[in-house]
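In: pasting the structure only:
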Ligand SMILES: Nc1ncnc2c1ncn2[C@@H]1O[C@H](COP(=O)(O)OP(=O)(O)OP(=O)(O)O)[C@@H](O)[C@H]1O
Ligand SMILES: [Mg+2]
């Protein structure tokens, strides 16, 4: 085993309050083994005085455990490691030097020595030698072939491309740079270096040997490309989001985390503080819930306004506001803020809105309500922001009981107060049809495409014991917010279409939905849950027993200003290209992810052909609430944007239906019409009012359609159609409504099930 010396100098700059504890355990020429006990304090890497961004794989979180990281990012510097704090007090660490592990035992001793020398040479020196050579030395044919292969692998190496980002050689430019490097190397190549590379062959070792030489080459040959890419990366910097809200950071905020399962009084307690406050804001995940809090709080004599994307109801003299979380102001000061369903921070599409509210709200006291899945990450965020965190843990008022008998596959077994949960519109109507055909029960329905007013009207109808509508059939839209008098939740299936394929419903969602049964103060304070089919019962029990998954990352999305800054770096690109480039190049800390923006891109692509929209207009239009799978709704959005771009007052350009729906396609049409009106109201609130002058008319039409929808649902006794029949067919073919079975499932005896239930 031949060994070469380690040659690395690594500066770590630490934060001001430098009590960081760290230990370097060993440095080899390839790896540094380090353990940081307080990794968050590491702010930046500087190599020989040149600041380097912390590449994503080196983000502070990454240091949480024992790690090896590749020192080729820190190539070319002699021996020691210096650690500095911001006051520039340097302290030389004693390094335990571990030697190169390159095994070349099979070679002759002279060659071996020579290779050891090459492997341990300073790459800067090698680069300079190559650069200054007048021409390359002759290689054998066989060696050429191997070198060609080595460089081919290098140009395709994900590792090298990824490492190159650290010196601002972008992934798009990397193949060109690698190609030019190859030409340079072949023109100047020396025999000993070539032989050494050939001895390694096309492998990661060869890539690691070449990489620092490649970097030297790039620094000298492509300064402009590097500068431009650096600017672009810096303008897509989403690291340290807590620093985006300096005013909130200047405050000493108190965060109270109401942590517990559904139906345990979290929101109730947070709202008590909200109502006591002089000035308060309640941030809701849904319009529906914002409306409910608005009504409840006003009903209790505390004047409260309502603010959602679609409606602004200002109540005179009010100091309180109930809003949807996307609408929360980070400019206003509040005494008390409530952020409900805080676990939605981890939502792949909308998570950024919760993250922004938590980081940016200017409130002395912020109550966040949710399950425990984001507790750890909220703790971490609070330690970064310097806010005080108080945790209040809750248990359900009454335990949820699983009925082991199930409905034995027969909907005739539904009873008054049941809520049957299905995961597609089609399934919902099939269940409603079957129940109403085979029993004397009447069904209310709640699903996501219904306007909040209709969902609410259906909820009220179901809650009222003095009518025949005593069963609810609902989608997962029932999982959040509504106060419903549900005795028992029955899962019609436990699988759903995720936009791509049929998958089991995630356990967190199963818990959330099942938890709707039995509400304190309702007719059914004790909740029951079960499945339609016996074979689904095990999965239900498994989900309910499973602890909440811990979330490691929460969502972020750039503000318009950040996108605008980024756009300045890549002129002449379409908005959709801009989003893609941003997604590729943005930098994030380890606790955050960039929220998905496929739906935004789809709208951006559609609006591409509309001339005369500014970047900001496009950004705003892309956030309009529209179902991108509904061509009619998309068509109306396109028309709205086109009129707006032509500076014409935007017309609603849509008639009113004369009566309630008589079949499913008429019902779908009503849903679409309501969505278009809701979109119009949203645009009217997000652009200058005079551009969308028919707000009142849209509002009146929307109210009327919501009523027609309510009437239609009461009479709905038809077979459902699907909005997107092609997709639905594929979906059914993919596995119908069967939950994919897990191979290792062992059936439980009834007795075991009952024991589980009791637990
Ligand atoms: N202390 C209380 N006194 C009277 N009613 C209460 C009390 N706490 C909670 N409730 C009632 O119990 C029900 C459930 O409470 P709440 O909505 O606060 O639960 P939650 O934990 O927020 O549930 P979810 O996770 O479903 O949002 C509500 O109808 C609420 O009004
Ligand atoms: Mg709640």
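Out: Everything's here; your move. If you're wondering where the values come from, they're calculated on a predicted model, not measured in any experiment. Ligands and ions are numbered 1, 2, ... in the order given.
In: residue contacts, residue 523?
Out: 417, 465, 485, 487 (C-beta atoms under 8 Å, 6 or more residues apart in numbering). For every residue, glycine as well, the C-beta is placed using N, CA and C.
In: one more: residue 260?
Out: 266, 371-372, 393-396.
In: ok, and the most crowded of the residues you listed?
Out: Highest neighbour count within the contacts of residue 260, by other C-beta atoms under 10 Å: residue 266, with 26 neighbours.
In: circling back to that earlier point, what's the most distant pair in the contacts of residue 523?
Out: Taking C-beta to C-beta, the two most distant members of the contacts of residue 523 are 465 and 487; they sit 11.6 Å apart.
In: just want to know which of these two has more residues nearby.
Out: residue 487 (19 against 10).
In: now residue 715: how far from ligand 1?
Out: 31 Å (C-beta to the nearest ligand atom, to the nearest Å).
In: ditto for residue 626
Out: 28 Å.
In: do the same with residue 422
Out: 20 Å.
In: before we move on, what about residue 251?
Out: 26 Å.
In: spatially nearest residue to that residue, not counting backbone neighbours?
Out: Nearest in space to residue 251, with sequence neighbours left out and distances taken as C-beta to C-beta, 6 or more residues apart in numbering, is residue 362 at 6.4 Å.
In: helix or strand next in line after the helix or strand that residue 283 is a member of, which one?
Out: Secondary structure from DSSP states H and E places residue 283 in strand 280-284. Counting by DSSP H and E, the element after strand 280-284 in chain order, helix or strand, is helix 287-299.
In: tell me the average confidence for that next one?
Out: Here helix 287-299 scores 94 as its mean pLDDT.
In: give the other helices and strands that that helix contacts.
Out: helix 266-276, strand 280-284, strand 304-307, strand 320-324, helix 452-463 (3 or more C-beta pairs under 8 Å, 6 or more residues apart in numbering; DSSP states H and E).
In: and with 10 Å instead?
Out: With contacts defined as 3 or more C-beta pairs under 10 Å, 6 or more residues apart in numbering; DSSP states H and E, helix 287-299 has these neighbours: helix 266-276, strand 280-284, strand 304-307, strand 312-313, strand 320-324, helix 452-463.
In: can the strand holding residue 283 be found next to ligand 1?
Out: No. Using C-beta under 6 Å from any ligand atom, strand 280-284 stays clear of ligand 1, coming no nearer than 10.5 Å.
In: okay, angle between that strand and helix 266-276 too, please.
Out: Calculated by axes from the mean of the first three to the mean of the last three C-alpha atoms, to 10 degrees, strand 280-284 forms an angle of 150 degrees with helix 266-276.
In: ok, now which ones touch the residue in the stretch 401-550 of the chain positioned nearest to ligand 1?
Out: Residue nearest to ligand 1 within the stretch 401-550 of the chain (C-beta to the nearest ligand atom): residue 520, separated by 3.4 Å. By C-beta atoms under 10 Å, 6 or more residues apart in numbering, the residues touching residue 520 are 263-265, 268, 396-398.
In: mean confidence for the biggest strand by length in the chain?
Out: Across the chain, the longest stretch assigned as strand under DSSP state E is strand 362-370. Mean per-residue pLDDT for strand 362-370: 97.
In: in the sheet, which strands lie alongside that strand, parallel or antiparallel?
Out: Strand 362-370 has its sheet partners listed here by DSSP bridges as strand 254-259 (parallel), strand 333-339 (parallel).
In: mean neighbour count added to the ones you listed, as TSV?
Out: Shown next, in TSV, are the strands paired with strand 362-370 (neighbours: other C-beta atoms under 10 Å):
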stretch	mean neighbour count
strand 254-259	22
strand 333-339	23
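In: same list, these, but as a markdown table with mean pLDDT please.
Out: As requested, the strands paired with strand 362-370 are arranged in a markdown table below (pLDDT from 0 to 100):
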| stretch | mean pLDDT |
| --- | --- |
| strand 254-259 | 98 |
| strand 333-339 | 98 |
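In: with respect to ligand 1, which of those strands lies nearest?
Out: strand 254-259 (7.4 Å).
In: so who does the residue of the stretch 301-450 of the chain found nearest ligand 1 touch?
Out: Distances between the stretch 301-450 of the chain and ligand 1 by C-beta to the nearest ligand atom are smallest at residue 369, namely 5.7 Å. If a contact means C-beta under 10 Å, 6+ apart, then residue 369 has 256-260, 264-271, 338-343, 392, 394 as its contacts.
In: near ligand 1 too, which of those residues?
Out: 260, 264-268.
In: sorry, back to before: pretty sure the residue nearest to residue 251 contacts residue 245?
Out: Yes. Counting by C-beta atoms under 10 Å, residue 362 does reach residue 245; the two are 8.1 Å apart.
In: shared neighbours of those two, which are they?
Out: 251, 330.
In: quick one: end-to-end length of stretch 469-479, please.
Out: Stretch 469-479 has an end-to-end distance of 20 Å (C-alpha to C-alpha, to the nearest Å).
In: check the offset of that stretch from the chain's centre.
Out: 27 Å (C-alpha atoms, centre = their mean, to the nearest Å).
In: do the same with stretch 318-337
Out: 23 Å.
In: hang on, the earlier thing: show the contacting residues for the residue nearest to residue 251.
Out: Counting by C-beta under 10 Å, 6+ apart, residue 362 has contacts 245, 247-248, 250-251, 253, 281, 329-334, 337.
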